[in-house]
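A.B. asks: Sequence first, then the predicted structure, then my questions.
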Amino acid sequence: MSYIVNNRVFVNPGYADEFEARFRARAGEIDKQPGLKAMRVLRPQGNQAPYMVETEWESQDAFRAWVGSDDFKRAHADPLPVEATAEGGGLEQFEVVEGTVAGASR
């Protein structure tokens, strides 16, 4: 099926625009990675909620290959200042057991 990786990021007030702009600037780069199925950056809609960066891969091996790639290194070479994010969050990894896509036939 698929392999999902979520990265929860607590962005401090005043840094949301820069956080989102960085993803918009690189959105097309991750699309070139073998095995990537989808990427979404989700903006929180409540107090204290983190941003969620969600990637969907064909397999865990495809995700690991991206983490070891030059593109990954470039994407993480110029991080936001330390004061831009708060403690907490982190990576969550899942193997999809079952799912559906609206309008798709099986």
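C.D. replies: Ah, there it is.
A.B. asks: chain center to stretch 94-106: distance?
C.D. replies: Distance, stretch centre to chain centre, for stretch 94-106: 19 Å (Cα atoms, centre = their mean, to the nearest Å).
A.B. asks: let me redo that: stretch 42-59
C.D. replies: Chain-centre distance of stretch 42-59: 7 Å, with Cα atoms, centre = their mean.
A.B. asks: So Ile30 versus Arg40, what's the distance?
C.D. replies: From Ile30 over to Arg40 the distance is 11 Å, taken as Cβ to Cβ, to the nearest Å. (C-beta placed from N, C-alpha, C; glycine too.)
A.B. asks: Oops, could you answer that again for Gly46 instead?
C.D. replies: Taken as Cβ to Cβ, the span from Gly46 to Arg40 is 18 Å.
A.B. asks: One more: Val101?
C.D. replies: Relative to Arg40, and taking Cβ to Cβ, Val101 is found at 14 Å.
A.B. asks: Those two: which is more packed in?
C.D. replies: Arg40 (11 against 7; other Cβ atoms under 10 Å).
A.B. asks: Now the phi/psi pair for that one, please.
C.D. replies: phi -140, psi 140 (degrees, to the nearest 10).
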